[in-house]
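**Q** When you get a sec, could you give me coordinates for this:
(chains A and B)
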Amino acid sequence: MNNQSSIQTKVGNFISNNTSFIAIVVLMIFGGITYGGTFLNYKMNIINVLHMASMIGIMGVGVNMCFFIGARDLSVGAVAAAASMITALLSPYGFIPSLLGGLAVGAFFGLINGYIVSKFQVQPFIATLGTQLAARGVALLINKELSINISERATILKAVGNHSIAGLLPVPTAIFLSLILILTVVMLKTPFGRAVYAVGGNEEAAEMMGIRVSKIKMAVFLISGLTAALSGIVLAGRINAGQPTACEGWEMTIMAAVVIGGTNVRGGTGKIHGIFFGALFVQFITNLINLNGRISAYWKDIITGIILLVAVLAQVYSDRKKERIKNTVKKEVATA
Amino acid sequence: MTRTIQAPNNLAPSNKRKLTVREVFIEYGAAIALATLILINVIFTKNFLSISTLLLIIKQSTPILYLTIGMTIVISAGGTDISAGSMMAFCGLIVAMGMKAGINFIVSCIIGLIACCLIGVFNGLIIAKTGVQPIIHTLVMQIVMRGVTVLLAKSTVFVLTSYPEIKFLGLYRFGGKVPVQTIFFIIIVIIGIFVVNKTTFGKYVEAIGGSYKAARLTGIRTVGVMVAVYVVSALLAGCAGILEMARNGALDPNELGKLYELDAIAGVAIGGTSMKGGKARVIGSIMGCVIMIMIGTTVNMNGIPFAASNIIKACVIIFSLAIQREKAV
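**A** Modelled structure (predicted):
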């Protein structure tokens, strides 16, 4: 009896810890049944899903980090657009300058975000709203609201956007996975990672423990800016141009991916790799709707939005449950 | 305007001392910014000093002003409503569809506004009852309602210039000069100031924004007030949608009201309403809203690329937030 219940709790824990993974498996089974070979063909369909999910995901890694400290970053889409413009502008001078130029844009806006949030005590949501406007403005101004084509010689940049390693693993996905790997190690093994969780959990307590909260916040927003820029650079390679209106409205999709990936909106907890499944999930929904062909693409937004709301409600519910358990334990301790 | 700070200040003996430059900036930031902007325009912009410019700004800012007032109430209650832009399109669509179906304009407006109110009730209940963060919930609503609007409209643009009511509401000018929007501008200014500053509802909103738990313990029906707050926001967004649709003479379900909520939030931020909730400043918000519109007008009238106005707006928002930073403590 006891054994059985422990198995039950194990299964329950597995389900609640890997919701997004299970959801993806369900989606894939659904897709396989509905569309058969068209959907399950790796080289024709799934690889494209991976490709697009990686674009969202690279950006999402940084947003995920922001969620860890309980902040939102709404500027990522606009920063990516600005970075893609600078990358395209610098593409005739070789790969390294264009890469550095793009990343510099990301670092610049990331640091501005971090500075405003940590020094001025402005709510991250409002601060990044401001930088979103500014970054979009910069992106539009660079070439008078027109896109810039990438130079013919920038073969590496194009390869980054379009090629697949051994024809199986798209380069953006490789970048995405290595980003996840690096940041997971950083979050789990370094003092910085623990400090990020501490700031997200309770800022004042973290401050009292001697963590430099403002520096941690700056660093997190810097990472978010850099990943957004990286996504913009990959996007520029993918579409062969820097586009000032790129990634409009991606903030919403990315937030959905982050929350579906299991990161708590209140901060303090979460795993980096959650974004992988979250991004994949969001992209699979798009893919399934596109394959159907008859359903309007706007259903994608509606479905994504509803799933996001359900995910958040589920989070709130489980938080309350945990709180209740904590309170009862406290009471028991008090009565004892 | 200083009522929330005044109480402790009156007790302090140093009440009579002169305000420092910084405090003046904090108190009258929006007014100073507006004055500066007007001054810059008077010097650099040709033909700025004329009644027609003023009327143009009133005409352009009226829909956003409705959003801004709603947003002021929501933000001072400690929330945010980023679904307002989509709400505009949603209400506009219902009105447009009603008119296409031959229903009286007033009736279809009422139906549209009721629909908005119902969605506001839903927003308020979810946010107050479950404790989902307002940003996340209204973000979802923004996406979902935009999708629903476009689906209902089947992605077509409604052209409404043939309806006399729409023509009147959008283009009529009293005496051939004063646009009809002036009336709506004045109405919302009066209602906004009255509701926030003079009614118990306004006090409740500020109390909830200041401390949700404390407000609850003093016997305020927090859930009811929260629902009312989001209903007001939705209702005003609906009005803004109808006005904007009339001004354009057409309804583009994809574009109407898109990103307007950001302008509204920025206007509230410039106006000195605390972003953490607990303090509403309607007059500041009105000025903030006019500032946001006037930045666009300035850029247009001087032939600067429109994108530059984004950067100017961002700078103004960040500067105003930076200068207010110690107020919240």
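**Q** any idea which residue sits dead centre in chain B?
**A** Centroid-nearest residue in chain B, with CA atoms, centre = their mean: residue B:68, separated by 1.1 Å.
**Q** which residues touch that one?
**A** Contact partners of residue B:68, counting by CB atoms under 8 Å, 6 or more residues apart in numbering or on different chains, are B:263-264, B:267-268, B:285-286, B:288-289. All C-beta spots, glycine's among them, are computed from the backbone N, C-alpha and C.
**Q** State the distance from it to residue B:61.
**A** Using CB to CB, to the nearest Å, residue B:68 is found at 9 Å from residue B:61.
**Q** interface residues of the stretch 51-200 of chain A facing chain B?
**A** A:72, A:116, A:120-123, A:125-127, A:129-134, A:136-141, A:144-145 (CB under 8 Å from any CB of the partner chain).
**Q** filter those to the buried ones?
**A** Buried members of these, counted by 16 or more other CB atoms under 10 Å in any protein chain shown: A:72, A:116, A:121-123, A:125-127, A:129-134, A:136-141.
**Q** Tell me which stretches of the stretch 51-200 of chain A form helices.
**A** With DSSP state H, counting those that start in this stretch, the ranges of helices along the stretch 51-200 of chain A come out as A:76-90, A:95-119, A:124-142, A:155-162, A:171-189, A:191-201.
**Q** hmm, back to that, anything in contact with each of residue B:68 and residue B:61?
**A** Taking CB under 8 Å, 6+ apart as the contact rule, the neighbours common to residue B:68 and residue B:61 are residue B:289.
**Q** for residue 77, what are its contacts?
**A** Chain wasn't specified; assuming chain A. Residue A:77 touches A:59, A:132, A:228, A:246-251, A:254, counting by CB under 8 Å, 6+ apart.
**Q** was after chain B, sorry
**A** B:205-206, B:208-209, B:225-226, B:229, B:277.
**Q** Return the per-residue confidence for it.
**A** Confidence at residue B:77, expressed as pLDDT, is 92.
**Q** Residue 106: neighbouring residues, count only.
**A** Unless you meant another one, I'm taking chain A. Using other CB atoms under 10 Å in any protein chain shown, residue A:106 has 29 neighbouring residues.
**Q** Let me rephrase: I mean chain B.
**A** Using other CB under 10 Å: residue B:106 sits among 9 other residues.
**Q** before we move on, which element is it in?
**A** helix B:105-125 (DSSP states H and E).
**Q** Figure out how far that helix is from the centre of its chain.
**A** Averaging C-alpha positions (CA atoms, centre = their mean, to the nearest Å) puts helix B:105-125 18 Å from its chain's average.
**Q** Wondering if that helix reaches chain A at all.
**A** No. Between helix B:105-125 and chain A, judged by CB under 8 Å from any CB, nothing touches; the nearest distance is 11.0 Å.
**Q** need the next SSE after that helix, C-terminal direction.
**A** Proceeding N to C from helix B:105-125, the next assigned helix or strand is helix B:134-153, under DSSP H and E.
**Q** Poorly predicted segments of the chain, please.
**A** Picked chain A for this. Chain A contains residues with pLDDT under 70 at A:1-5, A:16, A:336.
**Q** my question was about chain B
**A** Using pLDDT under 70, chain B drops low at B:1-19, B:22, B:325-329.
**Q** quick one, strands of it?
**A** Listed in chain order, the strands of chain B (DSSP state E) span B:158-159, B:173-174, B:178-179, B:250-251.
**Q** which strands and helices sit next to the third one?
**A** Packing contacts for strand B:178-179, counted by 3 or more CB pairs under 8 Å, 6 or more residues apart in numbering or on different chains; DSSP states H and E, involve helix B:51-76.
**Q** relative to helix B:105-125, how tilted is the helix it packs on?
**A** Between helix B:51-76 and helix B:105-125, the angle comes out at 30 degrees (axes from the mean of the first three to the mean of the last three CA atoms, to 10 degrees).
**Q** Alpha carbons of stretch B:57-75, as PDB, please.
**A** Taking Å, rounded to 0.1, in the frame of the first residue of the first chain, the C-alpha atoms of stretch B:57-75 are listed here in PDB:
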ATOM      1  CA  ILE B  57      -3.900  68.000 -31.000                       C
ATOM      2  CA  ILE B  58      -7.300  67.800 -29.200                       C
ATOM      3  CA  LYS B  59      -8.700  65.800 -32.100                       C
ATOM      4  CA  GLN B  60      -5.800  63.400 -32.200                       C
ATOM      5  CA  SER B  61      -5.500  62.900 -28.400                       C
ATOM      6  CA  THR B  62      -9.200  62.300 -27.600                       C
ATOM      7  CA  PRO B  63      -9.200  58.500 -28.100                       C
ATOM      8  CA  ILE B  64      -5.900  58.000 -26.300                       C
ATOM      9  CA  LEU B  65      -7.100  60.200 -23.500                       C
ATOM     10  CA  TYR B  66      -9.900  57.800 -22.800                       C
ATOM     11  CA  LEU B  67      -7.400  55.000 -22.600                       C
ATOM     12  CA  THR B  68      -5.100  57.000 -20.400                       C
ATOM     13  CA  ILE B  69      -7.800  57.800 -17.900                       C
ATOM     14  CA  GLY B  70      -8.800  54.200 -17.700                       C
ATOM     15  CA  MET B  71      -5.100  53.200 -17.400                       C
ATOM     16  CA  THR B  72      -4.600  55.800 -14.600                       C
ATOM     17  CA  ILE B  73      -7.300  54.100 -12.600                       C
ATOM     18  CA  VAL B  74      -6.000  50.600 -13.300                       C
ATOM     19  CA  ILE B  75      -2.400  51.500 -12.500                       C
END
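**Q** With distance to residue B:248 and neighbour count added, can I get the contacts of residue B:68 in TSV?
**A** Below are the contacts of residue B:68 laid out as TSV (distance: CB to CB, whole Å; neighbours: other CB atoms under 10 Å in any protein chain shown):
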residue	distance to residue B:248	neighbour count
B:263	16	23
B:264	18	34
B:267	21	31
B:268	24	31
B:285	24	30
B:286	23	24
B:288	24	31
B:289	19	28
